[in-house]
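Q: from the sequence below, what's the structure:
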Amino acid sequence: MTVIPLGGIINGVKTADPPRGYTASKDQLLARLARVEGQVRGVRKMVEEDRYCIDVVTQINAAQAALDKISLGLIDGHVRVCMQGEGGAPEDPGERVDELMGAVGRLLHR
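A: Numbers count the residues shown, from 1 in each chain. Next comes the predicted model:
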């Protein structure tokens, strides 16, 4: 039996990409990102219209909160799919944990 790795190239032919933690909910994720994109366009419009500073900051915070929620969902999917040996995660469990904690650290320290 021949094992074909996911997301690689064999004899010049690209194999299927590995599943990602968000694959099952990709449409929902894209819809949420589109809403955030709309929020950011709204902030730009507020600035163009010389809206009150605190109102602008409030909308920026709302957009950041939405992105944070999306990020947490992606991390959840990563833990449930990618860290279980699928999705192209590093083979070494220690590397997987280091990679995950690095991502969480970047999320928390912005």
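Q: list the buried residues for the lengthiest helix in the chain?
A: As assigned by DSSP state H, the longest helix anywhere in the chain is helix 53-80. Residues of helix 53-80 classed as buried by neighbour count (16 or more other C-beta atoms under 10 Å): Val56, Gln59, Ala63, Ala66, Leu67, Ile70, Gly73, Leu74, Ile75, Gly77, His78. Glycine gets a C-beta too; all of them are placed from N, C-alpha and C.
Q: could you measure from the last one over to Leu100?
A: Distance, His78 to Leu100, by C-beta to C-beta, to the nearest Å: 7 Å.
Q: so, low pLDDT: which residues of this protein?
A: 1-16, 85-90 (pLDDT under 70).
Q: quick one, helices of it?
A: Per DSSP H, the chain carries helices over the ranges 26-48, 53-80, 93-108.
Q: now the last one: buried residues?
A: Of the residues in helix 93-108, Arg96, Glu99, Leu100 count as buried by neighbour count, 16+ other C-beta under 10 Å.
Q: give me the contacts around it.
A: Under the criterion C-beta atoms under 8 Å, 6 or more residues apart in numbering, residues Asp68, Ser71, Leu72, Ile75, His78, Val79, Cys82, Met83, Ala89, Pro90 lie in contact with helix 93-108.
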